[in-house]
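>>> Predicted coordinates and the sequence they were generated for:
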Amino acid sequence: MKIDLAGLLFPRRCPVCHEAVEEPGELACGICRLKLPYINGPACRKCGKPLLSGEREYCMDCRNRRHHFRQGKAPFVYDKLMRESIARFKYGGRKEYAAFYAEEILRRCWKEAAYWKPEALVPIPLHPSRKRKRGFNQAQLVAERLSQKTGIPVDAGLLRRVKKTRAQKELSGRDRAANLRGAFSIRDEKVPYKKILLVDDIYTTGSTMDEAARMLLEHGAGSVYFLCICVGSGT
Ligand SMILES: [Zn+2]
Ligand SMILES: [Zn+2]
């Protein structure tokens, strides 16, 4: 019998209940998986948010606003459970959750994302001072996991966060877009990819994703897509 010594010494934590996962080799408890807020019903064809009853194809936000990205998806809705999970991931040092999130993204969204034929995975960067404080960029951890499974390279240096923006949750609507304006710079004069897949943890208003996509398109990218762990529940 092969003994998983690392697993015994440092048991993997479940991204739902935050206890040690008892099933060997699993990334989450079987029972906890049942509680996850998967997007199972109809979702917006642009941003992946679950559609409210009566909406067809596009959510209200995507009907009212032109996005710079072409399309995006996520496996989960950003509800209380996912808020706690991602808070532990980002602020509680639970970097191992990245493997679980990436696995779920691939399982639920890759069939569609593969059609986009992305040449590179580009994580949404943190401002260097924020990254230093946190010790890592959560989006990059997820992107690296996705890369291991898909073979598509991660280009974590293409986008840089040059402006320290205020937390988006403190702002509303128009202020969010203004807050993000000029937040990113691009490493290359001309982006060396036609199709880029942005990776982030949460998509809510889309201001961050839009600003990143706008910059990439301005520097020669042909189309920009995104994958996230969660999307807001659509309002
Ligand atoms: Zn659990
Ligand atoms: Zn939408």
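Right, received. Where do you want to start? Numbering: from 1, shown residues only. Ligands and ions are numbered 1, 2, ... in the order given.

>>> C-alpha coordinates for the lengthiest helix in the chain, PDB please?
Ranked by number of residues, the top helix in the chain under DSSP state H is helix 97-116. Below are the C-alpha coordinates for helix 97-116, written out as PDB (Å, rounded to 0.1, in the frame of the first residue of the first chain):
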ATOM      1  CA  TYR A  97      -7.900  25.700  -3.000                       C
ATOM      2  CA  ALA A  98      -6.600  26.800  -6.400                       C
ATOM      3  CA  ALA A  99      -6.500  23.200  -7.500                       C
ATOM      4  CA  PHE A 100     -10.100  22.600  -6.700                       C
ATOM      5  CA  TYR A 101     -11.300  25.900  -8.300                       C
ATOM      6  CA  ALA A 102      -9.300  25.100 -11.500                       C
ATOM      7  CA  GLU A 103     -10.700  21.600 -11.600                       C
ATOM      8  CA  GLU A 104     -14.200  22.900 -11.400                       C
ATOM      9  CA  ILE A 105     -13.600  25.600 -14.000                       C
ATOM     10  CA  LEU A 106     -12.300  22.900 -16.400                       C
ATOM     11  CA  ARG A 107     -15.100  20.500 -15.600                       C
ATOM     12  CA  ARG A 108     -17.900  23.000 -16.100                       C
ATOM     13  CA  CYS A 109     -16.500  25.600 -18.500                       C
ATOM     14  CA  TRP A 110     -13.700  24.100 -20.600                       C
ATOM     15  CA  LYS A 111     -15.900  22.500 -23.200                       C
ATOM     16  CA  GLU A 112     -16.900  26.000 -24.300                       C
ATOM     17  CA  ALA A 113     -13.700  27.700 -23.600                       C
ATOM     18  CA  ALA A 114     -11.700  25.300 -25.800                       C
ATOM     19  CA  TYR A 115     -13.600  26.700 -28.800                       C
ATOM     20  CA  TRP A 116     -12.200  30.100 -28.000                       C
END
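
>>> Show me what that helix is packed up against.
Packed against helix 97-116, as judged by 3 or more C-beta pairs under 8 Å, 6 or more residues apart in numbering; DSSP states H and E, are the following elements: strand 71-73, helix 80-91, helix 138-150, strand 195-203, strand 223-231. Heads up, the C-betas are built off the backbone N, CA and C, glycines and all.

>>> how about TSV for those, with mean pLDDT added?
As requested, those are arranged in TSV below (pLDDT from 0 to 100):
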stretch	mean pLDDT
strand 71-73	98
helix 80-91	96
helix 138-150	97
strand 195-203	97
strand 223-231	98
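
>>> can I get those in JSON lines with distance to Ala113 and mean neighbour count?
Putting the helices and strands packed on helix 97-116 into JSON lines (distance: least, C-beta to C-beta, whole Å; neighbours: other C-beta atoms under 10 Å) gives the following:
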{"stretch": "strand 71-73", "distance to Ala113": "7", "mean neighbour count": "24"}
{"stretch": "helix 80-91", "distance to Ala113": "20", "mean neighbour count": "17"}
{"stretch": "helix 138-150", "distance to Ala113": "9", "mean neighbour count": "21"}
{"stretch": "strand 195-203", "distance to Ala113": "7", "mean neighbour count": "24"}
{"stretch": "strand 223-231", "distance to Ala113": "6", "mean neighbour count": "26"}
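
>>> Quick one: classify Ser185 as helix, strand or coil.
On the three-state scheme (DSSP: H, G, I helix; E, B strand; the rest coil), Ser185 is labelled strand.
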